[in-house]
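J.: got a predicted structure plus its sequence, pasted below:
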Amino acid sequence: MPRFFIEADLSLSQQLELTEPVFHHWVKVLRSQIGDSAILFNGQGGEYHATLVEINKKSAKVSIDHFNPDNRTPAFHSLLGQVMSKGDRMDYAIQKATELGVSQIQLLTSERCEMRLKYDRDQKKIDHWQAIAVAACEQCGMNRVPEVLTPLSLSDWLASELPASKLVLAPNTEAVDVLDGIGTEIALLIGPEGGLSESEIQSANAVGFQNWCIGERILRTETAPIVALSILIHNSLNKK
């Protein structure tokens, strides 16, 4: 059954006119007919079973028939601080982090960051990444869409209020069990393609980030959040 994110208030036993993006995809692209069903979610929690009851040339209405409260999120809240990279690498990192249940994504700049977002037109890039997160939720079954936050410098982010449990991926450091006793509110810092500088890692350490070395290999910036979040999910499941 198809799933669609819809920017609308949802409640049971109502008839709702579809927003233009959902109408276009569900009715025009998929050529759905009256009586066809889909799952709608608005990011506020849970999902709704909807049935097409009226189709016009430029609009359609659905009935909201059933509510499922399951959000399919991990047992922990994760804030991913991801230093931005160019091209498809950033798209991939956001897509896969969303599929793995990340709660928020904070875009960051650092000494070796490949890109800067300085102008009004760069909001289009942020909107593009947010749309990737929405599409990933539609595909994977998550009902809460992670917010892609406006870029901050690494120093500004480190000076902000962050979760008590903080991890920074730091290759070539001593491998210790940083997950022992980790909480359910976690900040995860991922550096750029060239890595975080030693001074940046030290700055992170100074505000409570623990160095996390995952194996003997250096992961790419778009691979690192996938591996790290997968390990965190596995760790949380083992605690049950």
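T.: All right, it came through fine. Numbers count the residues shown, from 1 in each chain.
J.: hey, where'd the strands end up in the chain?
T.: Secondary structure of the chain by DSSP state E: the strands cover 3-5, 15-17, 37-41, 47-55, 60-68, 77-83, 104-109, 147-153, 165-169, 185-190, 210-212.
J.: those strands: which one's closest to Val134?
T.: For these, proximity to Val134 was assessed by Cβ to Cβ; strand 3-5 is nearest, at 4.8 Å. Where you see a C-beta, it was placed from the backbone N, CA and C, and this is true even at glycine.
J.: so what are the sheet partners of the closest one and their directions?
T.: strand 37-41 (parallel) (DSSP bridges).
J.: check contacts around the nearest residue to Ser203 once chain neighbours are set aside.
T.: Excluding the flanking residues, the one nearest Ser203 by Cβ to Cβ, 6 or more residues apart in numbering is Leu158, at 5.8 Å. Leu158 is in contact with 203-204, 207, 209, counting by Cβ atoms under 8 Å, 6 or more residues apart in numbering.
J.: tabulate the strands of the chain (a markdown table), appending distance to Leu179 and mean neighbour count.
T.: What follows is the strands of the chain, written out as a markdown table (distance: least, Cβ to Cβ, whole Å; neighbours: other Cβ atoms under 10 Å):
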| stretch | distance to Leu179 | mean neighbour count |
| --- | --- | --- |
| strand 3-5 | 32 | 19 |
| strand 15-17 | 43 | 15 |
| strand 37-41 | 31 | 20 |
| strand 47-55 | 31 | 18 |
| strand 60-68 | 31 | 16 |
| strand 77-83 | 13 | 25 |
| strand 104-109 | 20 | 22 |
| strand 147-153 | 25 | 17 |
| strand 165-169 | 8 | 23 |
| strand 185-190 | 10 | 24 |
| strand 210-212 | 8 | 19 |
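J.: including mean pLDDT and distance to Ala135, could those go into a markdown table?
T.: Compiled in a markdown table, the strands of the chain are given as follows (pLDDT from 0 to 100; distance: least, Cβ to Cβ, whole Å):
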| stretch | mean pLDDT | distance to Ala135 |
| --- | --- | --- |
| strand 3-5 | 98 | 8 |
| strand 15-17 | 94 | 21 |
| strand 37-41 | 97 | 13 |
| strand 47-55 | 96 | 16 |
| strand 60-68 | 95 | 20 |
| strand 77-83 | 97 | 18 |
| strand 104-109 | 96 | 14 |
| strand 147-153 | 93 | 12 |
| strand 165-169 | 95 | 26 |
| strand 185-190 | 97 | 21 |
| strand 210-212 | 92 | 29 |
